[in-house]
Each structure stands twice: as structure tokens, then as C-alpha cells.
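1. Just to be clear, the model below is a prediction. Sequence and coordinates:
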Amino acid sequence: MANLNKVMLIGRLTRDPEVKTFSNGGKVAKLGFAVNNRKKNMQSGEWEDVPVWIDLKVFNRETGAKKADLAESSLKKGQQIFVEGHLVLEEWTGKEDGKKQSKLVVVVDNFEFLEKREGGAGGGMGRSSGGSSKPAASDDSIEEVPF
């Protein structure tokens, strides 16, 4: 039986990265993310954007790109990015009520900047596939982020 666990999203960050460093030297950047679904309002007949709130996690890997470091230094609330990743079900027991809880989280494999960043730096991509990458948009001012 075939399986596929792949997520591709374009949206905006809802908060600055929250970074945690582990005792073994690993690092994770937690991001809030929002995308919009379109829904027709049955009363007005107009189309409306309905936000979908998503938790993202970006990790540094032992080998390869240090994407959590890049997220920490480059990403800010309100920024539009493209995210490529996979779903992970996180499960835990609630501290207050002792009930099992769970949520789906997107673990980010790659991300791309889709607009200019503050300070005049252009966009680029957080890809780990070698050193080759392509611009995220056709804007001439977009620069690539090397790994």
C-alpha cells in the first residue's frame, strides 16, 4: 500500500519564531502560520476568506541545512512564505485534567521567502537540496540564501 505525507502551503506567519535549544545541541523553531480557505457566505452571496491556523516546526539537522537557525534569523510575523513539509501527530497528556490530547503539526522540510524582507534583503529559499536553488518569484531583487 502506497503512502504519501506531503504538505505544501503559502501563507503568512502569525508570530515571530519561538526557538528552543536542546541539551544535545539540536534546535527547533516553532512558527504560527495561517492560510485562507474561500467560503461562500450563504446570506450575502459573497466569497469570504476563512483563516486556517497551523503550527509549524523547523529543525536543525545533524547533517545538512540549519533551517531552525535560518528561521530564527530571517522570519518575522506577517511575512509571507511557501512551506513544504509533512504532517506529524503530536500526543500528550494534559497537566490539568490528565486527558490525552493531540494535534497535527507540519514539520517543515523546506521554505521559501515570497517577498522582500525588511532591511532591503530579498527573498530566497530555505532548501537543503545541494547548493542549487531557483528564485522564489520573478522579482529581480530576490536573492537566494546559500546553505
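-> Cool, the structure landed. Residues are numbered from 1 along each chain as shown.
2. Give the buried residues for the helix or strand where Trp92 lies.
-> Using DSSP states H and E, the element containing Trp92 is strand 80-93. Of the residues in strand 80-93, 81-85 count as buried by neighbour count, 16 or more other CB atoms under 10 Å. C-beta coordinates here come from the backbone N, C-alpha and C atoms, glycine included.
3. Residues contacting that strand, please?
-> 5-13, 33, 56-57, 75, 99-115, 136 (CB atoms under 8 Å, 6 or more residues apart in numbering).
4. still on that earlier bit, want to throw the buried residues of strand 80-93 into TSV with pLDDT and distance to Lys67?
-> Formatted as TSV, these follow (pLDDT from 0 to 100; distance: CB to CB, whole Å):
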residue	pLDDT	distance to Lys67
Ile81	96	12
Phe82	97	14
Val83	97	11
Glu84	98	11
Gly85	97	10
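5. and the residue lying farthest from the centre of the chain, what helix or strand is that in?
-> In the chain, the greatest distance from the average C-alpha position (CA atoms, centre = their mean) is reached by Gln43, at 34.3 Å. Per DSSP H and E: Gln43 is located in neither a helix nor a strand.
6. The residue nearest to Phe82 when sequence neighbours are not counted pairs with what?
-> Leaving out its chain neighbours, the residue that sits closest to Phe82 by CB to CB, 6 or more residues apart in numbering is Glu112, at 4.3 Å. Beta-bridge pairing for Glu112 (DSSP bridges): Phe82, Met125.
7. how close does Glu112 sit to Lys103?
-> Distance, Glu112 to Lys103, using CB to CB, to the nearest Å: 25 Å.
8. more crowded one of these two?
-> Ranked by neighbour count (other CB atoms under 10 Å), Glu112 and Lys103 place Glu112 first, with 23 against 11.
9. gap between the more buried one and Ile10?
-> 9 Å.
10. do Ser23 as well
-> Taking CB to CB as the measure, Ser23 falls 35 Å from Ile10.
11. what about those two, which has more around it?
-> Set Ser23 next to Ile10 and count neighbours by other CB under 10 Å: Ile10 wins out with 12 against 5.
12. part of a strand, is that one?
-> Yes. Ile10 forms part of a strand when assessed by DSSP: H, G, I helix; E, B strand; the rest coil.
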